[in-house]
Structure formats: structure tokens, C-alpha cells
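Student: Attaching a predicted model along with its sequence, questions to come.
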Amino acid sequence: MEATGGGGGDAGEDGRKGECGGAARWAVGAVCGGLVYYHCAVRRASPVSLAADVLLVLLCSLSILGLLFRHLHISVPVDPLEWQISQEMANSIVASLANTIGAAESVLRVAATGHDKKLFFKVFLKTIWIVVCVMMIYAISKL
């Protein structure tokens, strides 16, 4: 022990960082949990709809952030060596993507037959919503 009463200044700083990080994690977890509860319990939407909405919000946010960075002439350096993946990982990603596309194809095939009108209109309205969002993003990017 030092005469100053501690084993060094790093321990106190690490403790404060840990407390702040814990509080921030708790707050983010509470907000995310509240949004999931609202989406699934209050709106009575499915987890698939939740995942689609989260993906749509993330894509829109990233596109707006990219437009902002481009407008402000901020470049984000990307090291291509950090993005290299193994052949096994690439095969896994492609197989997962193919499986997802196959599942979507089967849902669209059932919806296209017209036997399940609720599913057909759900797919149709979601498609229209995505097209409108993409058109709005395109229009914003031309400003």
C-alpha cells in the first residue's frame, strides 16, 4: 500500500468505469425490454414482425448516418484485412442465406395461391411498405 491510501489510481478509475458501464447496460436493457414488451404484448405482434421492424429501423438509421457522413465529408477508414473470413464461414453464411430465401419463397408461394387471404395481404402490405421506405430513402439521398 502506498502512503496515498491506495494501490494506484487505476483501481479507482476502473471501478468508476465499471459502475457507469453497468448502469448504461441496465438502462439500455430496460429500454430494449420495454420496446419488446410493447411490440409483442401491447401491439400483439409476432417476434418475426419485431425482427423485421428492428432490421428496417437499423437499415434506415444506417442509411441516414451514411448520408450524413457523406454530406459532412467524413470518411470512415475500413481495413480490408479485418473483414477477411474463412471459407467455412463463407459457406455457412451462404447456406443460411439460401435457407432464409427458401423459407421466404415457400411463404410467398402459399400467399400467391390465394388460399390464405390474411397471409397474402400481410405479405402484400409489408412489400408495399418496404418499397415506399426505399423510395423515400432514395429521394432523401438525392437532396
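Tutor: Received it, and whenever you're ready, just let me know what you need.
Student: which stretches of the protein have low pLDDT?
Tutor: Applying pLDDT under 70 to the chain picks out residues 1-21, 79-80, 82, 143.
Student: Could you chop it up by domain?
Tutor: Each domain of the chain is listed here as a residue range: 47-76, 85-143, per automatic domain parsing.
Student: how about the nearest residue to residue 120, chain neighbours excluded?
Tutor: In this structure, residue 120 finds its nearest non-sequential neighbour in residue 111, 4.4 Å apart by C-beta to C-beta, 6 or more residues apart in numbering. Every residue, glycine included, has its C-beta placed from N, CA and C.
Student: check contacts around the one you found.
Tutor: The contact partners of residue 111, by C-beta atoms under 8 Å, 6 or more residues apart in numbering, come to 119, 120, 122, 123, 124.
Student: how far away is it from residue 42?
Tutor: According to C-beta to C-beta, to the nearest Å, residue 111 stands 27 Å off from residue 42.
Student: again, but for residue 64
Tutor: For residue 64 relative to residue 42 (C-beta to C-beta), the value is 27 Å.
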